[in-house]
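Colleague: quick check, what structure comes out for this input:
(chains A and B)
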Protein chains: 2
Amino acid sequence: MSGILSLWNETPAKKAIISYVNATTNPESTDFVPETERIAILDNDGTMWVEKPVYVQVFFVIDRLKQLAEADPALLDQPHFKAAATGDLTYFFRLDPHAGGDVKLLMQMVFDSHAGMSQDDFMLMAKEFLETAKHPRFGMLYKDLTYKPMVELVHYLGDSGFKVYLASGGGMSFMRVISEEIYNIPRERVIGSNISFETRMTDEGPVIFRRRGLVDPIDDGAGKPVNIELHIGRKPILAAGNSDGDLHMLWLAQKSGFRSLSLLLRHDDAKREYAYDEGSEKTLQMAKERGWVVVSMKDDWKTVF
Amino acid sequence: MSGILSLWNETPAKKAIISYVNATTNPESTDFVPETERIAILDNDGTMWVEKPVYVQVFFVIDRLKQLAEADPALLDQPHFKAAATGDLTYFFRLDPHAGGDVKLLMQMVFDSHAGMSQDDFMLMAKEFLETAKHPRFGMLYKDLTYKPMVELVHYLGDSGFKVYLASGGGMSFMRVISEEIYNIPRERVIGSNISFETRMTDEGPVIFRRRGLVDPIDDGAGKPVNIELHIGRKPILAAGNSDGDLHMLWLAQKSGFRSLSLLLRHDDAKREYAYDEGSEKTLQMAKERGWVVVSMKDDWKTVF
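Modeller: Numbers count the residues shown, from 1 in each chain, chains lettered A, B, ... in the order given. Below is the predicted model of the structure:
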């Protein structure tokens, strides 16, 4: 057993995970789950990597809004272009659902900022951002600010015959640029919110473009089970999240018909990361009622990044 | 080499497939493709199983329309309910895109007939149909009317490190009920047209329901690259289809950046299956221009079912 989840402290959370994986993967166990049904789904922002002071993708959007406003100063009449151009980050922090913002409005702005370009161009642009942009507090590349105990969990689950998916409230394509490198999760297992695509037929064949407009529902709250059905067609037996946007998904795991494990990561470590319960109150309450395992960043993890 | 594609005759089509797989999987080859990029996508109706006299799912819909009309005779005012109730199959055959019908109108009818129920109930209903319903000409279960040389191709590609997907113009969930059993393609690798889902929160947790209304675009023609981007995020290097609804996808494979193989199955075997080019004229022409491999059911396959 030594070596399994080595970045986790010897606390009840780690024991609950290992005991769950043992029970569901041992063919002799009454809780055995066939590999086909071993679906694990993890939220991304705040569950797999840092989401403060605001979602990573919002920093990518701020860069873009700034560029667009430089090319066309008339855009400065709109508050988000102005905020980006003048470096007023608090404008964007207030849009964060954890700060009471409306996630749908936020995602509308996120997607509109990269509408109209080809999907190939978008992927290149996102890759360049993720290869270079650094977090304002930690001074590290965003892509290095993954929670290493969670990355270790992804590997442990994969080694145990689980198919591990990401279900992000943020943009699906944005995370696909980097998910293989930082999480070992292939692109096709990344679910997320989406701009709508269209195929334009050119002399050189079909090209996929990003259209203005959100695909409904966004991948948050009640939208997560919808997108899970669309992408997988099975309910997860293991789900992990950190906010009220994950409540439906965490409960969905308990409807899989198999022994399930729902993990709720609590940000209670202001020193190594952040401490906040805002936006997670309902789910913390539900975790008590429904027996979900609350993971304390402070107590359960040896390291964060 | 013996044993590979044993259900295929020793014709240029078989040689082209084997030579392609050898070149893309041999690390010493200049055409080598890393496993992550080895995406193969196959159309379903008419490429993997029989689609005449009309798509299998339409027979499922006819059963449903009949039941609904028995429960509520007022529905008989609508022509498709009346046709189902009176056994007028030609009404439905005329909706077939190969007979000049509008695929979007057809899929609207298909999805509306099972709207309003839970997704779990739908899956059970589809399973029951596929376990019992038989083809009017061949007298066999539809699920046994898969093209065995194509099923053999799926296994060969899987054994060669390809991820094999289905991209059906028909309903995604309908095929997911049976794809693992008949093709060895897991549910999450089945792409298709979709009704829209919604999550309803009940006292027993989240339940996914099927809403009235098609998800745009349907998975046909220009919609196929869109849904491929949504579900996979990579272009296929191998694609197979049989109609003009597959034209965009077959061309998309040539834009993958790797050596690609586009296969077009031609129905030219009235004795063992059917013979028809209607609805495939553009793609047959394009195959000549762009070097796609046309597979002749009559000449290239030792057996069909």
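
Colleague: residue boundaries of the helices in the stretch 51-200 of chain A?
Modeller: For the stretch 51-200 of chain A, applying DSSP state H, counting those that start in this stretch gives helices covering A:56-71, A:79-86, A:89-93, A:103-112, A:119-132, A:148-159, A:172-176, A:179-183.

Colleague: and residue A:95, what pLDDT?
Modeller: For residue A:95, the pLDDT comes out at 88.

Colleague: now do residue A:98
Modeller: Reported pLDDT for residue A:98: 82.

Colleague: so the helix or strand of chain A with the lowest mean pLDDT versus helix A:79-86, what angle?
Modeller: One helix or strand of chain A scores below all others by mean pLDDT, DSSP states H and E: helix A:103-112, with a mean of 89. Relative orientation of helix A:103-112 and helix A:79-86, computed by axes from the mean of the first three to the mean of the last three CA atoms, to 10 degrees: 60 degrees.

Colleague: helices and strands around helix A:103-112, which ones?
Modeller: In terms of contacts (3 or more CB pairs under 8 Å, 6 or more residues apart in numbering or on different chains; DSSP states H and E), helix A:103-112 is packed against helix A:56-71, strand A:163-171, strand A:205-214. Backbone N, C-alpha and C define where each C-beta goes, glycine included.

Colleague: which of the helices of the stretch 51-200 of chain A is buried the deepest?
Modeller: helix A:172-176 (a mean of 26; mean count of other CB atoms under 10 Å in any protein chain shown).

Colleague: got a list of contacts for that helix?
Modeller: The contact list for helix A:172-176, computed with CB atoms under 8 Å, 6 or more residues apart in numbering or on different chains, reads A:44, A:57, A:60, A:119, A:122-123, A:126, A:166, A:168, A:187, A:190-195, A:219, B:230, B:233.

Colleague: who are the contact partners of the residue nearest in space to the middle of chain A?
Modeller: Central residue of chain A (CA atoms, centre = their mean): residue A:44, 1.7 Å from the mean position. By CB under 8 Å, 6+ apart, the contact list for residue A:44 reads A:166, A:167, A:168, A:169, A:170, A:175, A:192.

Colleague: so which of the helices and strands packed on helix A:103-112 is nearest chain B?
Modeller: In terms of CB to the nearest CB, the element of the helices and strands packed on helix A:103-112 nearest to chain B is strand A:205-214, at 4.4 Å.

Colleague: ok, then the element right after the closest one?
Modeller: Later in the chain than strand A:205-214, the nearest helix or strand by DSSP states H and E is helix A:223-231.

Colleague: how about that following helix and chain B, touching?
Modeller: Yes. For helix A:223-231 and chain B, the contact criterion (CB under 8 Å from any CB of the partner chain) is met by A:223, A:224, A:225, A:226, A:229, A:230, A:231.

Colleague: identify the farthest-apart pair in those.
Modeller: Greatest spatial distance in the residues of helix A:223-231 next to chain B: A:223 and A:231, 12.1 Å, computed using CB to CB.

Colleague: how far away is the residue lying closest to residue A:50 once chain neighbours are set aside from residue A:179?
Modeller: Residue nearest to residue A:50 in three dimensions, not counting chain neighbours: residue A:145, with 4.5 Å by CB to CB, 6 or more residues apart in numbering or on different chains. Per CB to CB, to the nearest Å, residue A:145 is found 14 Å from residue A:179.

Colleague: dump the residue contacts of the closest residue to chain B within the stretch 1-150 of chain A.
Modeller: Residue nearest to chain B within the stretch 1-150 of chain A: residue A:119 (6.0 Å; CB to the nearest CB). Each residue near residue A:119 by CB under 8 Å, 6+ apart is listed here: A:173, A:197, A:208, A:209, A:210, B:229.

Colleague: top of those residues by neighbour count?
Modeller: residue A:173 (24 neighbours; other CB atoms under 10 Å in any protein chain shown).

Colleague: just to revisit the earlier point, just to check, the residue nearest to residue A:50 is in contact with residue A:48?
Modeller: No. With contact defined as CB atoms under 8 Å, residue A:145 does not reach residue A:48; the gap is 9.9 Å.

Colleague: before we move on, the earlier item: possible to save the helices and strands packed on helix A:103-112 as TSV with mean pLDDT and distance to chain B?
Modeller: TSV is the format used below for the helices and strands packed on helix A:103-112 (pLDDT from 0 to 100; distance: least, CB to the nearest CB, whole Å):
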stretch	mean pLDDT	distance to chain B
helix A:56-71	95	16
strand A:163-171	96	7
strand A:205-214	94	4
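
Colleague: chain B contacts on the stretch 151-300 of chain A?
Modeller: A:163, A:172-173, A:176, A:180, A:186-188, A:190, A:194, A:197-199, A:201, A:204-208, A:217, A:222-226, A:229-234, A:248, A:251-252, A:254-255.

Colleague: which of these are buried, as a ChimeraX select command?
Modeller: The buried subset of these, as determined by 16 or more other CB atoms under 10 Å in any protein chain shown, is captured in ChimeraX by this line:
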select /A:163,172,173,176,186,187,188,190,194,197,198,199,205,206,207,208,217,222,223,224,225,226,229,230,231,232,233,234,248,251,252,254,255
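
Colleague: and the nearest residue to residue A:163 once chain neighbours are set aside, what does it touch?
Modeller: In space, and not counting its chain neighbours, residue A:163 is closest to residue A:39: 5.5 Å by CB to CB, 6+ apart. Taking CB under 8 Å, 6+ apart as the contact definition, residue A:39 lies against A:162, A:163, A:165, A:232, A:234, A:235, A:236, A:237, A:238, A:256.

Colleague: enumerate every residue touching residue A:170.
Modeller: A:44, A:45, A:55, A:56, A:57, A:107, A:110, A:192, A:193.

Colleague: residue A:276: which of the contacts of residue A:119 is nearest?
Modeller: Distances from residue A:276 to those, taken by CB to CB, are shortest for residue A:173, at 27.6 Å.

Colleague: per-residue confidence at the closest one?
Modeller: Here the pLDDT value assigned to residue A:173 is 97.

Colleague: same check on residue A:44?
Modeller: On the pLDDT scale, residue A:44 gets 98.

Colleague: please apply the same query to the one 3 residues further on.
Modeller: Predicted confidence (pLDDT) at residue A:47: the value is 98.
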